[in-house]
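> Fold the stuff below for me.
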Amino acid sequence: MKFLVLLAAIGCASAASSNAVTCDECQAGAAGLVDHLLSEASLAEQGEILKAIVCPQLEDPDACMAAIDMWFGDMASCIYNHFVLEGDVCARLGLCKKASIFTPRDWTCEECTDVLARTSAYMSEPETIAEAVEYLQGDCFCGAEGHTDDCPGLVSTVLPIALPVLSGVLVDQTAELCQEVLGVC
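Have a look, this model is predicted:
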């Protein structure tokens, strides 16, 4: 999800530039971001942040922490793969419709910083949260083996709090993410 808005912002910014991000650059960036977000270290960090900030807001913080420990990796995989890779955000942005007339180039720190700020805002939008809740309540997460009947309720309770928290972390870690994924900043 983070990268969906990252790419949307890049698409808007690049439309006015003769140095537009190409389809290949976009797809490579999308894959790199998903790889980073689903790495063991990143998942552990995201999980700890959610346990520290989201769980104390819920009726049963201990159950929330246990659920995040057990299920956050699967949740994150569903969300990041669905919204970024399976959704082919690069094509949705119009970056893969026709042959590029632009010369491939490196991304700048300013572009990455701007895009991550827009991504953060997107992640907090009620429409984004509602779509993510609905998707996780379906086959990818709650419909997967091992989940109990209370899964949809858990998702609808935790995710509306978790996505804005993760969006704030995205802003806080902009320089690190830009360096890790795109090699800038």
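
> can we go C-alpha only for contacts and neighbour counts from here?
OK.

> Against G153, how distant is A132?
With distances taken as Cα to Cα, to the nearest Å, A132 is found 13 Å from G153.

> oh sorry, the question was meant for M70
For M70, the distance to G153 (Cα to Cα) stands at 16 Å.

> before we move on, what about L58?
Using Cα to Cα, L58 is found at 13 Å from G153.

> shaky segments in this structure?
Low-confidence segments of the chain, defined by pLDDT under 70, are located at 1-21, 87-95, 98-105, 115.

> Do you have the helices of it handy? List them.
Using DSSP state H, the helices found in the chain span residues 2-15, 23-37, 40-53, 61-80, 89-92, 109-123, 126-136, 151-172, 174-177.

> now those helices in CSV, with mean neighbour count and distance to V184?
Listed next are those as CSV, based on neighbours: other Cα atoms under 10 Å; distance: least, Cα to Cα, whole Å:
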stretch, mean neighbour count, distance to V184
helix 2-15, 22, 14
helix 23-37, 19, 12
helix 40-53, 16, 19
helix 61-80, 17, 22
helix 89-92, 20, 20
helix 109-123, 21, 5
helix 126-136, 16, 28
helix 151-172, 18, 15
helix 174-177, 18, 8
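
> C185: which of those helices is closest?
Between C185 and these, the tightest spacing by Cα to Cα is seen for helix 109-123, at 4.8 Å.

> What is the closest one packed up against?
Helix 109-123 makes packing contacts with helix 2-15, helix 151-172, helix 174-177 when contacts are defined by 3 or more Cα pairs under 8 Å, 6 or more residues apart in numbering; DSSP states H and E.

> what angle sits between that helix and helix 126-136?
Helix 109-123 and helix 126-136 meet at an angle of 70 degrees, taking axes from the mean of the first three to the mean of the last three Cα atoms, to 10 degrees as the criterion.

> pull the CA atoms of helix 109-123 into PDB?
Extracted as PDB, the C-alpha positions of helix 109-123 are listed here (Å, rounded to 0.1, in the frame of the first residue of the first chain):
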ATOM      1  CA  CYS A 109      15.900  12.100  -2.700                       C
ATOM      2  CA  GLU A 110      13.400  14.900  -3.100                       C
ATOM      3  CA  GLU A 111      11.100  12.700  -5.300                       C
ATOM      4  CA  CYS A 112      11.300   9.800  -2.800                       C
ATOM      5  CA  THR A 113      10.700  12.100   0.200                       C
ATOM      6  CA  ASP A 114       7.700  13.700  -1.500                       C
ATOM      7  CA  VAL A 115       6.200  10.300  -2.600                       C
ATOM      8  CA  LEU A 116       6.600   8.800   0.900                       C
ATOM      9  CA  ALA A 117       4.800  11.800   2.500                       C
ATOM     10  CA  ARG A 118       1.900  11.300   0.000                       C
ATOM     11  CA  THR A 119       2.000   7.600   0.700                       C
ATOM     12  CA  SER A 120       1.600   8.200   4.400                       C
ATOM     13  CA  ALA A 121      -1.500  10.400   3.800                       C
ATOM     14  CA  TYR A 122      -3.000   7.700   1.500                       C
ATOM     15  CA  MET A 123      -2.600   5.000   4.200                       C
END
